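**Student:** sequence and computational prediction follow.
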Amino acid sequence: MNCRKVQPLLSLFLDNEIDECTRERILRHVKRCLSCKQELVTLAKVVRIVQKSTVEPQRDYCDLFKPAAMRRKALRDKSAESSGM
Ligand SMILES: [Zn+2]
(Lines give C-alpha, C1' and ligand atoms only; values in the text may rest on other atoms or scores of the structure.)
Protein backbone atom coordinates (compact mmCIF):
# COMPACT_ATOMS: atom_id res chain seq x y z
CA MET A 1 0.00 0.00 0.00
CA ASN A 2 1.14 3.54 -0.65
CA CYS A 3 0.24 6.88 0.90
CA ARG A 4 -2.31 7.71 -1.77
CA LYS A 5 -4.22 4.54 -0.97
CA VAL A 6 -3.78 4.70 2.77
CA GLN A 7 -4.72 8.31 3.52
CA PRO A 8 -8.33 8.23 2.25
CA LEU A 9 -8.84 5.08 4.32
CA LEU A 10 -7.58 6.53 7.59
CA SER A 11 -10.92 7.94 8.72
CA LEU A 12 -12.61 4.62 7.94
CA PHE A 13 -9.82 2.95 9.84
CA LEU A 14 -10.61 5.07 12.89
CA ASP A 15 -14.32 4.35 12.59
CA ASN A 16 -13.57 0.62 12.42
CA GLU A 17 -15.43 0.56 9.14
CA ILE A 18 -12.76 -1.42 7.42
CA ASP A 19 -12.05 -5.10 6.94
CA GLU A 20 -9.39 -6.82 8.97
CA CYS A 21 -7.09 -7.36 5.99
CA THR A 22 -7.09 -3.70 4.93
CA ARG A 23 -6.68 -2.68 8.53
CA GLU A 24 -3.55 -4.78 8.83
CA ARG A 25 -2.12 -3.24 5.68
CA ILE A 26 -2.86 0.28 6.86
CA LEU A 27 -1.26 -0.41 10.22
CA ARG A 28 1.80 -1.85 8.56
CA HIS A 29 2.10 1.18 6.33
CA VAL A 30 1.51 3.71 9.09
CA LYS A 31 4.21 2.10 11.23
CA ARG A 32 6.87 2.93 8.70
CA CYS A 33 5.40 6.06 7.09
CA LEU A 34 5.71 9.19 9.16
CA SER A 35 3.38 11.38 7.09
CA CYS A 36 0.54 8.84 7.23
CA LYS A 37 1.19 8.32 10.91
CA GLN A 38 0.84 12.05 11.54
CA GLU A 39 -2.29 12.12 9.41
CA LEU A 40 -3.73 9.31 11.51
CA VAL A 41 -2.83 11.07 14.76
CA THR A 42 -4.46 14.29 13.55
CA LEU A 43 -7.59 12.43 12.48
CA ALA A 44 -7.69 10.53 15.76
CA LYS A 45 -7.69 13.83 17.65
CA VAL A 46 -10.54 15.18 15.53
CA VAL A 47 -12.54 12.00 15.98
CA ARG A 48 -11.99 12.15 19.72
CA ILE A 49 -13.20 15.76 19.85
CA VAL A 50 -16.28 14.93 17.77
CA GLN A 51 -17.10 11.88 19.87
CA LYS A 52 -16.60 13.84 23.07
CA SER A 53 -18.96 16.60 22.00
CA THR A 54 -21.65 14.08 21.03
CA VAL A 55 -21.27 12.15 24.30
CA GLU A 56 -21.43 15.26 26.43
CA PRO A 57 -24.28 17.53 25.37
CA GLN A 58 -23.18 21.13 25.08
CA ARG A 59 -23.86 22.01 28.68
CA ASP A 60 -21.25 24.75 28.71
CA TYR A 61 -22.71 26.17 25.54
CA CYS A 62 -26.17 26.38 27.12
CA ASP A 63 -24.88 27.92 30.32
CA LEU A 64 -23.07 30.47 28.27
CA PHE A 65 -26.27 31.65 26.65
CA LYS A 66 -28.69 31.25 29.53
CA PRO A 67 -27.99 34.59 31.22
CA ALA A 68 -28.54 36.42 27.97
CA ALA A 69 -31.80 34.56 27.37
CA MET A 70 -32.95 35.36 30.91
CA ARG A 71 -32.05 38.99 30.48
CA ARG A 72 -34.04 39.08 27.28
CA LYS A 73 -37.05 37.51 29.02
CA ALA A 74 -36.83 39.97 31.92
CA LEU A 75 -36.68 42.81 29.44
CA ARG A 76 -39.74 41.46 27.63
CA ASP A 77 -41.70 41.10 30.90
CA LYS A 78 -40.80 44.65 31.81
CA SER A 79 -41.89 46.10 28.49
CA ALA A 80 -45.10 44.05 28.68
CA GLU A 81 -45.80 45.58 32.07
CA SER A 82 -45.15 49.11 30.92
CA SER A 83 -47.45 48.67 27.94
CA GLY A 84 -50.23 47.76 30.34
CA MET A 85 -50.53 44.06 29.55
ZN1 LIG B 1 2.20 6.91 3.87
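**Tutor:** Nice, I can see it. Residues are numbered from 1 along each chain as shown.
**Student:** tell me which parts of this structure are close to the ion?
**Tutor:** The chain comes close to the ion at residues C3, C33, C36, as judged by Cβ under 5 Å from the ion. Any C-beta I mention is one placed from the backbone N, CA and C, and that applies to glycine too.
**Student:** and those residues, which of them are in helices?
**Tutor:** C3, C36 (DSSP state H).
**Student:** most surrounded residue in the residues of the chain next to the ion?
**Tutor:** In terms of neighbours by other Cβ atoms under 10 Å, the residues of the chain next to the ion top out with C36 at 21 neighbours.
**Student:** quick one: that one and N2 touch, right?
**Tutor:** No - counting by Cβ atoms under 8 Å, C36 sits too far from N2 to count as a contact (9.4 Å).
**Student:** hey, what's in contact with both of the two?
**Tutor:** Common contact partners of C36 and N2 (Cβ atoms under 8 Å, 6 or more residues apart in numbering): H29.
**Student:** sec struct for the residue nearest the centre of the chain, please.
**Tutor:** Nearest to the geometric centre of the chain sits V50, at 1.9 Å (Cα atoms, centre = their mean). Under DSSP: H, G, I helix; E, B strand; the rest coil, V50 falls in the helix class.
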